[in-house]
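**Student:** Below is the sequence, then the predicted model.
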Amino acid sequence: MSSICKVQKSLKLLVVLAAVLCLWPAGADAHVVWAGGGAFWAGFLHPLTSLDEICFLVALSIWSTFNGPSTRFRTLCTIAAVPGVAAVVLWWSGQELSTVPVMAALMIVAGLGGAARFKVQGVILLAIAVIGAWFIGSETGQAVGKLSPGGFIIGASLSPAMLFLYLLGGLERLRLEWQTIACRAIASWIAAIGIMMLTFELVRHRVLMQPH
Amino acid sequence: MKFTHTVLRVAFAILFWLVARPAFAHIGSGLGGGFFSGFSHPLLGPDHLLAMVSVGIWGAELGAPAIWLLPITFPLIMAIGGAAGIVGMPLPGTEIIIALSVIVLGAVVALAARLNLILAMVIVGVFAFAHGHAHGAEMPASADALAFSVGFVIATGMLHALGITIGLLIKWPIGFGVVRAMGGLAALFGVYLIAEHVIDL
């Protein structure tokens, strides 16, 4: 059984335990116990409502799948660990970082890699995962606002890792040829979206000028 | 008597449903507007629609690896064309090239032309660039760029998938004939589009 399957099994167990706890009769509390609950959910939903982050994670998961189990596991660990660190750094420093052009560029690279089923050294894929995860975390760090930073950052670090894990778990079950082709087609679509997005961002930032 | 009333009611309901027009108070802006605008753009233009479905059908006629290589090439080159359109790079005669794409792609489907894979990719790539340029140039300024791109790439992919599905009919002799006839009709429509542009000029 691969490490991803083990983690998925643990997650399933956690969901069952959570369901049991929900069904357990409890007293009615008039006050919220932990004020960070709202911030946690806001953080949890933050990456899941960001199309560029989702597109990048989908493309990266497809490309990682074509590069063997050890690469998959390393990228998963990166996606799980780096966004939290980046979010804390950006929130603490209070810097503003333009993340969209980088995410668009990463969508192109990961999309083309997945579409071409490009075999690369694990280090290259890991570097792309680190950059992507850092910018995902940066978006989180800048979006904290007046919410509880702890809850928000924990939530926003958890959801990309969970999404990536489920994507890898699903992709691991690809057996038929048409399923692999469909994944490569999706990766090419993500690259295409990235090309359009990057151009639009460069025009917006006046790096590329419109003649009219 | 009761049955006739029911039939009349249903007929009127269908009639009203067909003549009803949605009221749009706002232009497509923001995330939802951008997606809808991008998604509907290839679907509402018969020239885009026919060209993209034809690419899928031709891929199915050529078999592997063209069946998946052509639909993967098309969105990528189309995005590069879209980028050129966003930047404002001029492409003279875009509409003529698009009409020409309907003729050529319809013709290769009708003739079941078994061209070299590289040549097929070049043909598809050239036309994809023109289609993408039109998409990029016509992108509403108020629309969300990401949502627009997602919408039109998904719509394009769905049209290719539809084309591949139609192309699978070639397994049967009657289906092969129907598919080729459809290609011929698409090419004729392309001729009509060209004629329309020439008259406009």
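**Tutor:** Thanks, I have it.

**Student:** Please tell me how far residue A:155 sits from residue A:20.
**Tutor:** As defined by Cβ to Cβ, to the nearest Å, residue A:155 lies at a distance of 23 Å from residue A:20. The way it works is simple: take the backbone N, C-alpha and C, and place the C-beta from them, glycine included.

**Student:** right, I mislabeled it, should have said residue B:89
**Tutor:** 61 Å.

**Student:** about what we covered before: higher neighbour count, residue A:155 and residue A:20?
**Tutor:** residue A:155 (24 against 9; other Cβ atoms under 10 Å in any protein chain shown).

**Student:** just checking, what packs against the least confident helix or strand in chain A by mean pLDDT?
**Tutor:** Within chain A, confidence by mean pLDDT, DSSP states H and E is lowest for helix A:3-23 among all helices and strands, at a mean of 77. Applying 3 or more Cβ pairs under 8 Å, 6 or more residues apart in numbering or on different chains; DSSP states H and E, one finds that helix A:3-23 contacts helix A:69-93, helix A:149-172.

**Student:** Pull out the buried residues from the last one.
**Tutor:** Buried residues in helix A:149-172, counting neighbours by 16 or more other Cβ atoms under 10 Å in any protein chain shown, are found at A:149, A:151-165, A:167-169, A:171.

**Student:** Taking the centroid of chain A, which residue is nearest it?
**Tutor:** residue A:160 (3.5 Å; Cα atoms, centre = their mean).

**Student:** residue contacts, the residue nearest to that one when sequence neighbours are not counted?
**Tutor:** In this structure, residue A:160 finds its nearest non-sequential neighbour in residue A:47, 4.8 Å apart by Cβ to Cβ, 6 or more residues apart in numbering or on different chains. Residue A:47 sits next to A:53-54, A:83, A:136, A:139-140, A:156, A:159-160, A:163 when contact means Cβ atoms under 8 Å, 6 or more residues apart in numbering or on different chains.

**Student:** and which of those is nearest to residue B:187?
**Tutor:** residue A:54 (39.5 Å; Cβ to Cβ).

**Student:** how about the closest one, what does it touch?
**Tutor:** So residue A:54 contacts A:47-48, A:163 (Cβ under 8 Å, 6+ apart).

**Student:** What are the buried residues along the lengthiest helix in chain B?
**Tutor:** Counting by DSSP state H, the longest helix found in chain B is helix B:173-200. Residues B:179-180, B:182-183, B:186-187, B:189-190, B:193-194 are the ones in helix B:173-200 that count as buried (16+ other Cβ under 10 Å).

**Student:** contacting residues around the closest residue to residue B:103 other than its chain neighbours?
**Tutor:** Distance criterion Cβ to Cβ, 6+ apart; nearest residue to residue B:103, sequence neighbours excluded, is residue B:190 at 3.4 Å. Counting by Cβ under 8 Å, 6+ apart, residue B:190 makes contact with B:47, B:50, B:99-104, B:106.
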